[in-house]
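Novice: After the sequence you'll find the predicted model.
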Amino acid sequence: MSSTPSIAKRLAAEAIGTFVFVLVGAGSAIGTESLAGPNSGAALLIAALGNGIGLAVAVSATMSISGGVLNPAVALGLLVGNKLKAKDVIPYIVAELVGAAAAGFALVLSFPSVLGDPVNWGSPSLNGIISSGQGIAIEAMLTFFLVIAVYGTAVDPRAPKIGGLGIGLAVVADVLVAGNLTGAAMNPARAFGPMLAAGFYPAYWYVYLIGPVVGAIIAGLVYRYLIEQPA
C-alpha cells in the first residue's frame, strides 16, 4: 500500500489548511479594530502574530499530507525548484483559493460588520505613500524571504525538524517590516479570499499576484541552483 496520500486528501488538506490560515490571519486584522484601530503599532504586532502563528499551525498540521503549501506563490516556487510536480500545481492553487474564499465568507458572516468594514474584512491594502510598482517590489522581496524559509526549514532534507515554526516566524518578520505598507500578504490566496468576500476590488489588486509570484519563483531558483546540496 502506498504511503503517499491520494490527490483528493492532499487537496482537502490544502483547502482546509488555507482556510485556517486565512481565517486566523484576516480575523486578527478584523479583531484589532475593536482594540486599537487598524493603523496603530499594536494592530501591526497583532496582525504579525496572528498571521505568523496561524500559518505555523496550518503548515504543521498539513505538512505530512500535502506538504503544507497553502500559498499559490509558494506552489510555483516549489515547482521551479523541482519540489512539486507540475500536474499538482493547478489543483493545489484551486484548492488554496477555495479555502481562502471560504474563510473570507466565514468572517463576513460571523463577525460584526462594524469591525469588518473599516479594514475590508482583513484584506491587504496599499499605503497611500507607495506606488503599485513599489508595492510589487515589496511583496516580491517579502515573498522571496518567505520561500527561502520554506526551503531552508521544511523542504531541504537537511532542514531542522521544526514543522511550520520557521515559516511562521518568517511571516511574523515580514509583517513587521512592511505590514503597514502593503499588508504583507505574500500569498495571492491570502489577498483573494477576504477581497472576494468583502467585495473589495482595488485598482492595484495585481500587486498581490505579481509580487508574490515573482518573489517565489526567484527564491525557488536561487535555492535550487545556489544553495541546495546536489543529490
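Specialist: Cool, got the structure. Numbers count the residues shown, from 1 in each chain.
Novice: which stretches of this structure form helices?
Specialist: Assigned by DSSP state H, the chain shows helices spanning 7-31, 41-66, 72-80, 86-110, 113-116, 132-150, 165-178, 188-198, 207-222.
Novice: Pull the number of nearby residues for residue 69.
Specialist: 29 (other CB atoms under 10 Å). Every residue, glycine included, has its C-beta placed from N, CA and C.
Novice: residues contacting the nearest residue to residue 94 once chain neighbours are set aside?
Specialist: Excluding its sequence neighbours, the residue lying closest to residue 94 (CB to CB, 6 or more residues apart in numbering) is residue 11, at 8.0 Å. Contact partners of residue 11, counting by CB atoms under 8 Å, 6 or more residues apart in numbering, are 66, 91, 92, 94, 95.
Novice: Burial check on the first one, number of neighbours?
Specialist: Taking other CB under 10 Å as the criterion, the count of residues near residue 66 is 25.
Novice: Make sure it is actually in contact with residue 10.
Specialist: Yes: between residue 66 and residue 10 there is a contact under CB atoms under 8 Å: 4.0 Å.
Novice: if we can go back for a sec, for residue 229, which of the helices of the chain is the nearest?
Specialist: helix 207-222 (14.3 Å; CB to CB).
Novice: how far is the closest one from where the chain is centred?
Specialist: 12 Å (CA atoms, centre = their mean, to the nearest Å).
Novice: Summarise which helices and strands it is packed against.
Specialist: helix 72-80, helix 132-150, helix 188-198 (3 or more CB pairs under 8 Å, 6 or more residues apart in numbering; DSSP states H and E).
Novice: Can you tell me the closest non-neighbouring residue to the residue nearest the centre of the chain?
Specialist: What sits nearest the mean C-alpha location of the chain, by CA atoms, centre = their mean, is residue 187, with 3.8 Å. Excluding its sequence neighbours, the residue lying closest to residue 187 (CB to CB, 6+ apart) is residue 71, at 4.3 Å.
Novice: OK, contacts around that neighbour?
Specialist: 18, 96, 186, 187, 188, 189, 190, 212, 216.
Novice: now for the residues you listed, which pair is the farthest apart?
Specialist: Farthest pair in these, by CB to CB: 18 and 216, 15.4 Å.
Novice: if we can go back for a sec, for the contacts of residue 71, which one is nearest residue 144?
Specialist: residue 216 (7.4 Å).
Novice: give me the number of residues near that closest one?
Specialist: The burial count for residue 216: 31, using other CB under 10 Å.
Novice: Ok, residue 3 next?
Specialist: For residue 3, using other CB under 10 Å, the count is 4.
Novice: per-residue pLDDT, the spatially closest residue to residue 151 that is not a sequence neighbour?
Specialist: The shortest distance from residue 151 to any non-neighbouring residue, by CB to CB, 6+ apart, is to residue 223 (4.3 Å). Note on residue 223: pLDDT of 97.
Novice: Do I have it right that residue 223 meets residue 154?
Specialist: No: using CB under 8 Å, residue 223 is not in contact with residue 154; the gap is 11.6 Å.
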